[in-house]
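Pasting the sequence and the predicted model now:
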Amino acid sequence: MLSHAARHRIEEMDFDSDIDTHDDYEAVIAMSLPHSLLNSDSLTSLKLATQSLTEIKFPTSIWLPRLKTLKLTMRSSEFEFPTSVWLPSIKTLHIEWFEDCEDLILPNCCPVLQELIVLCRSYYLHIPIESTSLQRLTIESFMPDSSSSSCASIEVNCSNLQSFNICSIRRVIIQVCDLYSLAEADIDMDCTPYLRGSRESLLGRIILGLLESIHHVKSLKLSSSTVEVC
């Protein structure tokens, strides 16, 4: 079906693999994404969503020269994302649940990317975000496994960033370059587990370092929990 749609040179595709097996047990559904869909020269908008019981097989490469908007909701952990990805026209990238997004947000993959939205619900060790074209960045619901003793990390190096939003992040080290172009920032970090500890805690130092990195911002919004831990 997807191959048939791609052959008709469609410009917008919204696909959700929400498959109900109606079985007494949770069966894993295997699905292959066709090469013709992810190497289309007509697509301008693509939304792909997979469920936790879907085993996804990607083509060996993704080449979408006209794509402007991409949204990936990858709840499945059974897939290997291709390392060869080229999205030369993409402006908006929206990623949810995607554990292998590092290769997708490399500068040479998305050279004109303007907006990046990352909604995380699983454990990440390190997410580097580097782009001279990125103007709007949103990172939301970053919740590493509470049983782990290590901290996850986000590294932001986006010299032309204008809008920066972070929401509900626990136990994460944030490293941000000086954002001289930043016009607005919204920082809402869930600091509840740390409020009983020392105000010189690791999280407090992280937030203070983050605020120092964005001291050029014109409009700043802080949640009460964020302010209290500082």
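The structure has been received and is ready for your questions.

just to confirm, which helix or strand has the nearest residue to residue 7 once chain neighbours are set aside in it?
Residue nearest to residue 7 in three dimensions, not counting chain neighbours: residue 36, with 6.5 Å by Cβ to Cβ, 6 or more residues apart in numbering. Where you see a C-beta, it was placed from the backbone N, CA and C, and this is true even at glycine. Assigned by DSSP states H and E, residue 36 belongs to helix 35-38.

buried sites along the helix or strand following that helix?
Downstream of helix 35-38, the first helix or strand assigned by DSSP H and E is strand 45-50. With burial defined by 16 or more other Cβ atoms under 10 Å, the residues of strand 45-50 counted as buried are 45, 46, 48, 49, 50.

Hmm, the fourth one is touching residue 16, no?
Looking back up the chat, that one is residue 49. Yes. Using Cβ atoms under 8 Å, residue 49 is in contact with residue 16, at 4.2 Å.

closest to residue 68 among the buried residues of strand 45-50?
Distance to residue 68, by Cβ to Cβ, is smallest for residue 45 among those, at 6.4 Å.

pLDDT (mean, whole number) over the host helix or strand of residue 139?
When elements are assigned from DSSP H and E, residue 139 belongs to strand 136-142. For strand 136-142, mean pLDDT is 83.

And that strand, how far out from the chain middle?
Remark: strand 136-142 is offset 7 Å from the chain centroid, using Cα atoms, centre = their mean, to the nearest Å.

just stretch 91-100 next, same as before
Its chain's C-alpha centre and that of stretch 91-100 lie 4 Å apart, by Cα atoms, centre = their mean.

Using CSV, list the CA coordinates for it.
What follows is stretch 91-100, C-alpha atoms only, in CSV (Å, rounded to 0.1, in the frame of the first residue of the first chain):
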residue,chain,number,x,y,z
LYS,A,91,12.6,23.0,8.0
THR,A,92,10.7,21.3,10.8
LEU,A,93,11.7,18.0,12.5
HIS,A,94,9.5,16.5,15.2
ILE,A,95,10.8,13.4,17.1
GLU,A,96,8.9,11.4,19.7
TRP,A,97,10.2,8.3,21.5
PHE,A,98,13.0,7.9,19.1
GLU,A,99,16.2,6.4,20.7
ASP,A,100,18.4,6.7,17.6
